[in-house]
Each structure stands twice: as structure tokens, then as C-alpha cells.
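Asker: return atomic coordinates for the entry below.
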Amino acid sequence: MQTETVYSSLPLALILEPSHRLRATMDQGALGELADSMSAEGLHQPVGVRGPDPSGAYEIVWGHRRLLAARLLQWPSIHARVFPQDFDPLLAAVSENLQRTDLNPMEEAAALARFRDRGDSLAALSRLFRRTPSWVSQRLELLALPADLQAAVEEKRLPLAVVAILSDIDHEPYRRDLIREAERGGATAAVVNEWRAHYLSDRTRIISNERTITELAAARASFVITYPCEWCDELTAFEHTRGLRLCLDCHHQLIVAKHSATASAGSPHEG
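Answerer: Below is the predicted model:
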């Protein structure tokens, strides 16, 4: 088995997308800035690949953003550190990202879950990520959070301590309101803990009130104010009517014309 690594300039066309992608999203603005930097300064650090496979292709295992930036620049090739085909791509990607660029907590949790799902123990994950077992457990617990809280973590809109407290708010509409309030006011964990205590002590009434407000909001569309049309007498929604200021003489003439039209045609719309 080949164990050493070598450095080589590889054609971009031979480099495949990663089988283990740690980042859920790719910031296109930041990718454009990286491409600008690489265009001006060149590549500061080689990407990592493994291979070749039987077809002669290589798989990117770290430096995915640098590879994408090189493609934006239409570079024909890129400098790469080449690992054997049997090199563990997940391990390489995690190690490189932990050393070079901070993953957000949800990305860390997803990476941990991949190792856990393939059978690695909590102790092994702790050694790999160079974190305490409690840190590993806390990250994995993020995967059980409701989607709104996961989004707040991924987008770094709320501290993890605040998110952990809000996870006890099991009524989604009320929790969403608290998330917005915590973001707006920059609420601390101590403040949010008071919100949680209030919710848990009065949960039934709060949920009932929230549902009542939701039902009223949903029914509001059926509250239609109508007026009889002064010409055809049809009840019409207020927003579909228009006001018209007339002097008394013209108003009298309009009423006379209406009655005359009704008498002669049976309806102001007939004839």
C-alpha cells in the first residue's frame, strides 16, 4: 500500500467533487473574493486530493473552495498534495478544516455524526477533534434541535447557550417569537432563562393565547366591510368602492337619473 504523499500540478478536469463535504453551504461572495485573491497573488497553499482511481481521476479532500475559485478563474491546473486512493477523505477534510478555517457548530455536529454513524466511539471523536467528550456530546445534541434553532446556530444569530435554553420552548409559534426577540435585543442566557421559566410555569395559558391570536389572524380575511352601491344597490366590499363629492343640485340630479333609468330599464345595468 502506498503511504507517502507527493505534490503535483493536476488538471482541474481530473479532480472530482468531495465525497464527504463538511460545509452545508458555500458563500458565493466569499468565493468570489477568494478567486480575486488567487488571481492577484496565486495559490498560497496546495489543495489535497486522493487518487488516482482506476479512471485516472482524483477526489478533492480539502481545499474545495480553492478548487472552485480556480475553476472560476478557468485555471487549467492546480497545485495539489496527492494522497493514496485509500486515504480516509473524511478524516483529512475534518483535520484540515479544524486547522485552517472554523466550521460553524452545525457543520461540526454534522461532521461528528458522520464519524459516529460509521462506528467511531465518543472517546475516538474526542481525540480526533481535540475536544472534550462533553463538547462532542453537546455538538451532537444540536442535531436534535428544531429547524428554527438549527438555522439560528448555523447562521450564528444566537449564542449556543441561548439556543440550548430556547430548545425547552416546545410550542413553535411562541418559540419563533422568542427567537426573534432574542436576536433583536441581543438577549443574554440569563434573560432567556427567565423567559423559559415564565413559559414553563404558565405553558397552558400561553399556548392557548397564542392559538387564539393565530385563529383571529387567520379569520381576519373573512372580516369584510361592505357598503351598498349608491347606483345599483349591490353590497360591495369597501375597498372596491370609491367616494365622490357632489353639490346638492348634482346629487339630486343623479338620484333622479337613477330612478328614471331603473323605471325605464328595470335595472341600471339593463337596456
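Asker: ranges for the strands of the stretch 101-250 of the chain?
Answerer: 226-228, 235-237 (DSSP state E, counting those that start in this stretch).
Asker: which one of these lies closest to residue 55?
Answerer: Residue 55 lies closest to strand 235-237 among these, at 67.1 Å (Cβ to Cβ). Heads up, the C-betas are built off the backbone N, CA and C, glycines and all.
Asker: what mean pLDDT does that closest one have?
Answerer: When pLDDT is averaged along strand 235-237, the result is 81.
Asker: quick one: buried residues of that strand?
Answerer: In terms of neighbour count (16 or more other Cβ atoms under 10 Å), strand 235-237 has no buried residues at all.
Asker: start the count at 14, not 1, going forward
Answerer: Got it, first residue is 14 now, which makes that one strand 248-250.
Asker: now do it: which elements does it pack against?
Answerer: Strand 248-250 sits against strand 239-241, with contacts defined as 3 or more Cβ pairs under 8 Å, 6 or more residues apart in numbering; DSSP states H and E.
Asker: so what touches the strand it packs on?
Answerer: Strand 239-241 has contacts (Cβ atoms under 8 Å, 6 or more residues apart in numbering) with 247-251, 254.
Asker: got it, and stretch 91-101?
Answerer: Contacts for stretch 91-101 (Cβ under 8 Å, 6+ apart): 14-16, 18-23, 25, 28, 56, 59-66, 71, 74, 76, 79-80, 83, 105.
Asker: give me the ChimeraX select line for these, limited to the buried ones.
Answerer: Command for ChimeraX, covering only those of the contacts of stretch 91-101 found buried under the criterion 16+ other Cβ under 10 Å:
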select :23,28,56,59,60,61,62,63,64,71,74,76,79,80,83,105
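Asker: okay, and which of the contacts of stretch 91-101 map to strands?
Answerer: If you go by DSSP state E, those have 19-23, 28, 60-63, 71, 74 in strands.
Asker: now for those residues: which two are most distant?
Answerer: 22 and 74 (17.2 Å).
Asker: about what we covered before: can you redo the ones in strands among the contacts of stretch 91-101 as TSV with pLDDT and distance to residue 171?
Answerer: Shown next, in TSV, are those (pLDDT from 0 to 100; distance: Cβ to Cβ, whole Å):
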residue	pLDDT	distance to residue 171
19	85	45
20	89	43
21	90	44
22	93	44
23	94	42
28	94	37
60	89	34
61	87	33
62	90	37
63	88	37
71	93	40
74	85	32
